[in-house]
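Peer 1: sequence first, predicted coordinates after that:
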Amino acid sequence: MKKTVICLLLFGIGLTVSAQEKAETVSMRYETQNDMPLFYQKLKESLTYPMAWRNSSIRNFEKWREGARKVLLDCMQPAPPVAAFDKEVIDTEQRNGYRAEKILFSVSEYSRVPAYLLVPDGNGPFPAVLLLHDHGAHFSIGKEKMVRPFGVEASVLADADDWAEKCYDKQYVGDYLASHGYVVLAVDALFWGERGRSSDLETPMVHKEKIGTMGFSMGAHRAWMVSAATDVVKAGAAVCWMNTTDSLMTLTNNQNKGGSAYSMIIPGIRNWMDYPHVASIACPKPMLFINGLRDKLFPVKGVESAFSTMQDVWKSQSVENLLTTKFYDLPHFCSKEIQDDILEFFNQNLK
């Protein structure tokens, strides 16, 4: 029947084709729908996550953590050659209770990058937070989403102020934390801001045993990823990025749009672990995960499942009190109330 319909159409005979028949015809010619492969369900069914805690044959948690981290880092290879940070201060501005520095430093032999470093007044060492900016399909600014810029064109400042209002409740997270006694480092991700289309920076004013990381949206993904990848980070806060592959790999989810996914691709990792399994490598350190009940990017069912997976891991190590998972009745947004939660979390776990 389908072949007959197609042939008749080719010869200009006016038959009415149903929507289902059109879809079947398209599926014969193409192998994707809504930017997803037609075999995505079979792909999901094939994912067994053999390196997840309790799925792995490794029963000692520290040995599992070491092995899982190695798998994660192997999937990130090849890593660029390591280089000395070689920090250079470009400009400074005194703010209320802290100093803002525009700096340059080397993240590798390949890249020397600009960043904002905020240093509280007084004598250190201070606790420190690596801030990881969001995606938002907005590339003209990166670090300026987290720290109010200075010495820039008026258009850049206006762009940053508009973003702080749109996503962070009219408050720059970096300036907020610095005013409460934290050294803050904010760096552009590749393709954003001055790295247009991370690394912790060792400085004398930073207490090396009191380093945290925080991010919103794409920054949240990077925050728990960094927390899993290195124990230099002692505590992490992630706002609006946690879920499961099962809930995100659908025909309607925003993850299908490549611009939202490419910046976070780690080739091969899904053969071993899902998102909450990777985040669980951070156990037993203190971690804070927050998501919105009205966040259209991250289905609540998937968030709940991911939270449950992580809670089981922290509970298995008798440190369930060090993992905080929360929902706010909010869309994809980092409100002042959430930022208060983040400050309290860092005060409890880094100060």
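Peer 2: Structure's in. What do you need?
Peer 1: grab the nearest non-local neighbour of the most centrally placed residue in the chain.
Peer 2: With distances taken as Cα atoms, centre = their mean, the residue of the chain nearest its centroid is His221 (1.8 Å). In space, and not counting its chain neighbours, His221 is closest to Trp241: 4.4 Å by Cβ to Cβ, 6 or more residues apart in numbering. C-betas here are computed from N, CA, C, even on glycine.
Peer 1: cool, Asp159 as well?
Peer 2: Ile141 is the one closest to Asp159 (Cβ to Cβ, 6+ apart), at 5.4 Å.
Peer 1: part of a helix, is that neighbour?
Peer 2: No: read with DSSP: H, G, I helix; E, B strand; the rest coil, Ile141 is coil and lies in no helix.
Peer 1: contacting residues around it?
Peer 2: 149, 156, 159-160, 163, 192-193 (Cβ atoms under 8 Å, 6 or more residues apart in numbering).
Peer 1: now do Ala228
Peer 2: By Cβ under 8 Å, 6+ apart, the contact list for Ala228 reads 69, 72, 278-282.
Peer 1: show me where the stretch 251-351 of the chain has helices.
Peer 2: For the stretch 251-351 of the chain, the helices defined by DSSP state H, counting those that start in this stretch cover 258-261, 275-279, 300-316, 336-349.
Peer 1: same question for the stretch 101-250 of the chain.
Peer 2: 154-167, 173-178, 218-229, 245-248.
Peer 1: got those as JSON lines, with mean pLDDT and distance to Lys315 columns?
Peer 2: Listed next are the helices of the stretch 101-250 of the chain as JSON lines, based on pLDDT from 0 to 100; distance: least, Cβ to Cβ, whole Å:
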{"stretch": "helix 154-167", "mean pLDDT": "96", "distance to Lys315": "33"}
{"stretch": "helix 173-178", "mean pLDDT": "98", "distance to Lys315": "29"}
{"stretch": "helix 218-229", "mean pLDDT": "95", "distance to Lys315": "18"}
{"stretch": "helix 245-248", "mean pLDDT": "92", "distance to Lys315": "22"}
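Peer 1: of the ones you listed, which approaches Arg99 most closely?
Peer 2: helix 173-178 (8.7 Å; Cβ to Cβ).
Peer 1: nothing else from me, thank you.
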